[in-house]
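[1] build me a model:
(one chain, ligands or ions: 2)
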Amino acid sequence: MKRMLSGIKPTGQLTLGNYIGALRNFVNYQDDYEMIVFIANLHCITEYQDPEDLRKNLTDAVALYLACGLDPNKATIFLQTDVHSHAELGYIMACNTYLGELNRMTQFKDKSQKGEKNMTAGLYTYPCLMAADILLYDANYVPVGEDQKQHVELTRDIAQRFNNKYGETFVIPEPLIAKVGARIMSLSDPSKKMSKSDETNKGCIYLLDDPKVARKKIMSAVTDSIGIIQLDKENQPGLYNLIEIASALSNRTMDDIVEQFKGEGYGKLKGYVADVVCEELEKIQSRYNEIMASHQIEEILLDGAKKASAIADKTLDEVKRKIGLEIKY
Ligand code: AMP
Ligand code: TRP
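    Ligands and ions are numbered 1, 2, ... in the order given. As a prediction, this is how the structure comes out:
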């Protein structure tokens, strides 16, 4: 069975973008692949997080993974800091990455070009830690949203370079990007990605949003003045995004949805999108409440970390041996 690995960084509450672009796919893949999924808590602290908020977001993220349908009997689910090899291999990866490569990473480049102050060294080297996350497990595939593709490509380059220098060690992973929903846009500004760090809070639907609030956000989503329901991503990005959301969640094609609402006003289509989204949120939230009440999270994470460590620690040992970091007695 091929192995698949992915992580989510719960810097805030998980969003509909995370669900459509990532989580939902993990659930679909767990029957056909050996699935390893973790909470990337080390990646969260590249920017300051209020410790209380962070703790709450981590717990919520695990509960939401489970509520979305990840099954701990099928997938290995764990917290990144519970498996110490991540940080250690992350450092080794940083020693095998060039500054030029990190300078080219768009997430870092965008932030520095915007003149963001107090950027940390952790933010800069974060792709090295992400490479370690993936390479520790010999993952064949990494399902992610579009924004993470560049990081997986860098991981491939680092792995190949390491293999060339030290001999065959790492499996070269492939990014897996879904055809629909790989980049869900903000409802209030469809030129931007739907993101946890949405300042206005109007463009982003959180998985724990009250469905009434989510409906309101969809009904007031920014569209255009063209007034025709069709698929024109360039000129009608807001409308396209709404149709893409509905398509991803209903497993209908985007064309099929356009066909149904052809000639109607945008309000009617938005109402349909809101119905589809709210139905999904209600399902997720009712399972989330059950999981939070059942107090099983700690045990699941403990078990997951044990299984993950068995794989990761072995890889790290091999890496250290190949580099010559160990003394032989
Ligand atoms: P992050 O929240 O940045 O840790 O992202 C976790 C996963 O969700 C990654 O695979 C991202 O690519 C994916 N993701 C985040 N935001 C979106 C979005 N707006 N549309 C699609 N996928 C997303
Ligand atoms: N960097 C990813 C994000 O921000 C999260 C992440 C960390 C990840 N390590 C990973 C995703 C390894 C896939 C594989 O979304």
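[2] which SS class is the residue in the chain that ligand 1 sits nearest to?
    At 1.9 Å from ligand 1, residue 21 is the closest residue in the chain, using Cβ to the nearest ligand atom. From N, CA and C alone the C-beta is placed, and that goes for glycine too. Following DSSP: H, G, I helix; E, B strand; the rest coil, the label given to residue 21 is helix.
[3] and the closest residue to it other than its chain neighbours, how many neighbours?
    Closest residue to residue 21 apart from its sequence neighbours, by Cβ to Cβ, 6 or more residues apart in numbering: residue 145 at 3.3 Å. Residue 145 is flanked by 23 other residues according to other Cβ atoms under 10 Å.
[4] surely residue 145 touches residue 182?
    Yes. In this structure, residue 145 is within contact of residue 182 by Cβ atoms under 8 Å, at 5.3 Å.
[5] shared neighbours of those two, anything?
    Common contacts of residue 145 and residue 182, defined by Cβ atoms under 8 Å, 6 or more residues apart in numbering, comprise residue 21.
[6] can you tell me how far the residue nearest to residue 21 is from residue 66?
    From residue 145 across to residue 66, the span is 21 Å (Cβ to Cβ, to the nearest Å).
[7] and residue 47, by the same measure?
    The spacing between residue 47 and residue 66, counted by Cβ to Cβ, is 27 Å.
[8] do residue 9 as well
    Distance from residue 9 to residue 66, by Cβ to Cβ: 18 Å.
[9] same check on residue 258?
    In terms of Cβ to Cβ, residue 258 sits 35 Å off from residue 66.
[10] neighbour count: the two, which is higher?
    Each of residue 258 and residue 66 has its neighbours counted (other Cβ under 10 Å); residue 66 has more, 22 against 18.
[11] I figured that one hits residue 72, correct?
    Yes. At 7.2 Å, residue 66 counts as touching residue 72 under the criterion of Cβ under 8 Å.
[12] intersection of neighbour lists for the two?
    Common neighbours of residue 66 and residue 72 (criterion: Cβ under 8 Å, 6+ apart): residue 300.
[13] can you count the residues close to the residue of the stretch 151-300 of the chain found nearest ligand 2?
    Of the residues in the stretch 151-300 of the chain, the one nearest ligand 2 is residue 151, at a distance of 5.9 Å by Cβ to the nearest ligand atom. Residues near residue 151, counting by other Cβ under 10 Å, number 21.
[14] you'd agree it is in a helix?
    Yes. Assessed with three-state DSSP, residue 151 lies in a helix.
[15] quick one, grab the pLDDT at it.
    pLDDT for residue 151: 98.
[16] which residues does it contact?
    Residue 151 makes contact with 105, 127, 130, 131, 144, according to Cβ under 8 Å, 6+ apart.
[17] for the second one, list the residues it contacts.
    It stands for residue 127. Contacts for residue 127 (Cβ under 8 Å, 6+ apart) come out as 97, 101, 102, 105, 151, 154, 155.
[18] just flag the most distant two among these.
    By the measure Cβ to Cβ, 102 and 155 form the most distant pair in these, at 12.7 Å.
[19] more crowded one of the two?
    Between residue 102 and residue 155, counted using other Cβ under 10 Å, the more crowded position is residue 155 (26 against 17).
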